[in-house]
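Q: sequence? don't have it. structure:
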């Protein structure tokens, strides 16, 4: 600020938010959540090229409302991806609250398979997000690995999962499973391979 400029106390207030940072009102937040849910279902059933008008209709809003929340298809796809990532990483703690660690691991792997299926359906658009850095692949891997680590640690404490396997090892195993099944439309085969992952993580001598 130059010496002859008048200070603007309102502009300097720490609670003054830019329009994009203001919290959404309840109705707008509900519309956004409905749009993300409708897009998630549409992308998983087909792919990320489905007409946006159909997504808006399923969410119970007009196309103008969709564009107010998500100005581009890329913005909507990235919001769905972010919501899926939140769900799959938060699921680890939720499942451990309900199930013994070994069963929580099996349930979480099935949830992770659903995450991968949704991600595959959005690959056309996600590639541009990865290339631009808007979608951080390293951060995604870190969050997935942390979720796996929390289940492994609980299993080690309970004596139901091996102590000599690192979370990164499991992440690498999952990469192999999903790369090998990328061209398949056989969820049963994927589920069988995930069962073998769980078997490999049991302590030696356990059944």
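A: Yep, it's here. Because the structure is predicted, anything quoted here is derived from the model rather than measured.
Q: nearest residue to the middle of this protein?
A: A centroid search over the chain (C-alpha atoms, centre = their mean) returns residue 85, at 1.3 Å, as the residue closest to the centre.
Q: what residues sit buried inside the longest helix anywhere in the chain?
A: Criterion DSSP state H: the longest helix present in the chain is helix 73-98. When neighbours are counted by 16 or more other C-beta atoms under 10 Å, the buried residues of helix 73-98 are found to be 73-74, 76-81, 83-85, 88-89, 91-92, 95-96. In this view, the C-beta of every residue, glycine as well, is placed from N, C-alpha and C.
Q: which other helices and strands contact that helix?
A: Using 3 or more C-beta pairs under 8 Å, 6 or more residues apart in numbering; DSSP states H and E as the contact criterion, the secondary-structure elements in contact with helix 73-98 are helix 26-45, helix 52-59, helix 101-121, helix 123-132, helix 137-158.
Q: try 10 Å this time
A: Under the contact criterion of 3 or more C-beta pairs under 10 Å, 6 or more residues apart in numbering; DSSP states H and E, helix 73-98 touches helix 26-45, helix 52-59, helix 63-69, helix 101-121, helix 123-132, helix 137-158.
Q: does residue 40 touch residue 83 like I think?
A: Yes. In this structure residue 40 lies within contact range of residue 83 using C-beta atoms under 10 Å: 6.9 Å.
Q: are there residues contacting both of the two? Which ones?
A: Overlap between the contact sets of residue 40 and residue 83, as judged by C-beta atoms under 10 Å, 6 or more residues apart in numbering, is given by residue 118.
Q: circling back: quick one: contacts for the residue nearest to the centre of the chain?
A: Here residue 85 is in contact with 115, 118, 119, 135, 139, 140, 143, 144, 147 (criterion: C-beta under 10 Å, 6+ apart).
Q: could I get the residues you listed as CSV with distance to residue 53, pLDDT and neighbour count?
A: Formatted as CSV, the contacts of residue 85 follow (distance: C-beta to C-beta, whole Å; pLDDT from 0 to 100; neighbours: other C-beta atoms under 10 Å):
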residue, distance to residue 53, pLDDT, neighbour count
115, 26, 93, 17
118, 21, 89, 21
119, 24, 89, 19
135, 25, 74, 20
139, 32, 87, 10
140, 30, 90, 17
143, 33, 95, 17
144, 33, 96, 20
147, 35, 98, 23
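Q: ok, back up a step: among the helices and strands packed on helix 73-98, which gets the worst mean confidence?
A: Ranked by mean pLDDT, the helices and strands packed on helix 73-98 end with helix 123-132 at the bottom, a mean of 79.
Q: can you count the residues close to the nearest residue to residue 157 once chain neighbours are set aside?
A: Closest residue in space to residue 157, ignoring its immediate chain neighbours: residue 101 at 7.8 Å, by C-beta to C-beta, 6 or more residues apart in numbering. Neighbour count for residue 101, taken as other C-beta atoms under 10 Å: 23.
Q: surely residue 101 meets residue 159?
A: Yes. Taking contact to mean C-beta under 10 Å, the distance of 9.4 Å between residue 101 and residue 159 places them in contact.
Q: excluding sequence neighbours, find me the nearest residue to residue 58.
A: Nearest one to residue 58, counting by C-beta to C-beta, 6+ apart, is residue 38 at 4.0 Å.
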